[in-house]
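Asks: no sequence for this one, just the structure:
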């Protein structure tokens, strides 16, 4: 089951990435161009794994780890905070069965979409 069509996710990522290119600082500009595809890719993985609890747990854990690493390296405080917050939200999701996996995927996608908006706002 696809929770968010891949094409819509790609369009959202491209729209946010294009709004990030106007930042004057090179480091922030790089972060603004890299963050939306990173998060968008994670959202696609969550959607694809929604009905497989083990696969989704692995995707959520891997995403949280990568986001924490990116947060540590982020030069922009807002982007750092968005990465940290999203990673913390992913870690809080509990998956015990198929139904909870679908619910967790929906929550992760909603949180990721909010994170993309925050990054878009920070990079505008």
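Replies: Structure received. Since the structure is predicted, the reported quantities are computational estimates derived from the model, not experimental observations. Numbering: from 1, shown residues only.
Asks: residue ranges with poor pLDDT in the chain?
Replies: Counting by pLDDT under 70, the chain shows low-confidence ranges at 1-28.
Asks: So which residue is smack in the middle of it?
Replies: residue 39 (2.9 Å; Cα atoms, centre = their mean).
Asks: Next up, identify which helix or strand that one is on.
Replies: Per DSSP states H and E: residue 39 is located in helix 26-49.
Asks: Not counting sequence-adjacent ones, nearest residue to residue 60?
Replies: Nearest residue to residue 60 in three dimensions, chain neighbours excluded: residue 90, at 4.9 Å (Cβ to Cβ, 6 or more residues apart in numbering). Just so you know, the C-beta spots here come from the backbone N, C-alpha and C atoms, and that holds for glycine as well.
Asks: Kindly provide the distance from the one you found to residue 99.
Replies: Going from residue 90 to residue 99 by Cβ to Cβ, to the nearest Å gives 19 Å.
Asks: So if I had to pick from the two, which one is more boxed in?
Replies: residue 90 (24 against 11; other Cβ atoms under 10 Å).
Asks: got the contact list for the more buried one?
Replies: 60, 61, 63, 64, 67, 108, 111 (Cβ atoms under 8 Å, 6 or more residues apart in numbering).
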